[in-house]
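**Q** sequence below, structure please.
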Amino acid sequence: MPGHLTVVEHPLVQHKLTLMRDADTPTGLFRQLLREVSTLLAYEVTRDLPVTTRRVHTPLEPMDAPVLDGRKLALVSILRAGNGLLDGMLDLMPSARVGFVGLYRDEETLEPVQYYCKLPEALSERRVIVVDPMLATGNSSAAAIALVKEAGAVDVRFLCLLAAPEGVQRMADAHPDVPVVTASVDERLNEKGYIVPGLGDAGDRMYGTR
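**A** Take a look at the predicted model:
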């Protein structure tokens, strides 16, 4: 995947993202839209997966047809909001291995605090896609990717719904080898570290919490 940052400008992605930004969009619809968008974004983040061929017999004749090569993908969700992207990606890649990194942001320092980490085996042999809807300060995402790398991962991607310029830069500084795929890079972060114009707190909007 060329370049550090890919913004997916497909009309369906942008239309669904607009509906998600709307403060009047209810929780159930928000979750549905996030699942749909994550499936669409998954096409972009997996477009350069390695393939090989396998001999198959169609109803007409044998042929050498393309199939994915190597071990199954690993998807790593940054809890809790990352699970909204994870669900849609598993619809597309149901055999992927799944891991979870639990991080929360200290509201005063904006630094990540780890409380959980469970990752699949053999990460060094898998494409690893780390998912979180928001790339805001980038601190939590950078910390999660550091944990994944410490576990052996060498082929890592980061997928998010929205990013702030500050988060994109943080990721480029911390992990220049990790491509970032997103639906939008918004204007900025506010004084509380939220993406503006953004869509609010993705976890709260997914689960109806405050």
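
**Q** tell me what the longest strand belonging to the chain is packed against?
**A** Under DSSP state E, the strand in the chain containing the largest number of residues is strand 97-105. Packed against strand 97-105, as judged by 3 or more CB pairs under 8 Å, 6 or more residues apart in numbering; DSSP states H and E, are the following elements: strand 74-79, helix 82-92, strand 112-118, helix 139-150. Bear in mind the C-beta positions are built from the backbone N, C-alpha and C, glycine included.

**Q** SS state for Arg55?
**A** Reduced to three states with DSSP: H, G, I helix; E, B strand; the rest coil, the structure at Arg55 is strand.

**Q** distance of it relative to Arg71?
**A** Applying CB to CB, to the nearest Å, the value for Arg55 to Arg71 is 21 Å.

**Q** neighbour-wise, which of those two wins?
**A** Higher neighbour count among Arg55 and Arg71: Arg71, with 15 against 8, using other CB atoms under 10 Å.

**Q** tell me who's in contact with the more buried one.
**A** Contacts for Arg71 (CB atoms under 8 Å, 6 or more residues apart in numbering) come out as 122, 125-126.

**Q** helix, strand or coil for it?
**A** Arg71 is classified as coil under three-state DSSP.

**Q** remind me which residues of the chain are low pLDDT?
**A** For the chain, the stretches with pLDDT under 70 are 1-3, 110.

**Q** can you do 90?
**A** Low-confidence segments of the chain, defined by pLDDT under 90: 1-4, 70-71, 79-81, 84, 87, 103-114, 191-193, 200-204, 206-210.

**Q** the longest strand of the chain versus helix 82-92: what angle between them?
**A** Interaxial angle, strand 97-105 versus helix 82-92 (axes from the mean of the first three to the mean of the last three CA atoms, to 10 degrees): 160 degrees.

**Q** ok, strand 97-105: who's next to it in the sheet?
**A** strand 74-79 (parallel), strand 112-118 (antiparallel) (DSSP bridges).

**Q** the longest helix in the protein is where?
**A** The helix that spans the most residues within the chain, counting by DSSP state H, is helix 27-45.

**Q** ok, back up a step: using JSON lines, lay out the contacts of Arg71 together with distance to Asp91.
**A** Converted to JSON lines, those look like this (distance: CB to CB, whole Å):
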{"residue": "Ala122", "distance to Asp91": "24"}
{"residue": "Glu125", "distance to Asp91": "24"}
{"residue": "Arg126", "distance to Asp91": "19"}
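
**Q** quick one: which of those residues is nearest Thr6?
**A** Arg126 (20.4 Å; CB to CB).

**Q** what about the spatially closest residue to that closest one that is not a sequence neighbour, distance to Met171?
**A** Excluding the flanking residues, the one nearest Arg126 by CB to CB, 6 or more residues apart in numbering is Ala74, at 4.5 Å. Between Ala74 and Met171 the computed distance is 19 Å (CB to CB).

**Q** over to Leu86?
**A** Taken as CB to CB, the span from Leu86 to Met171 is 19 Å.
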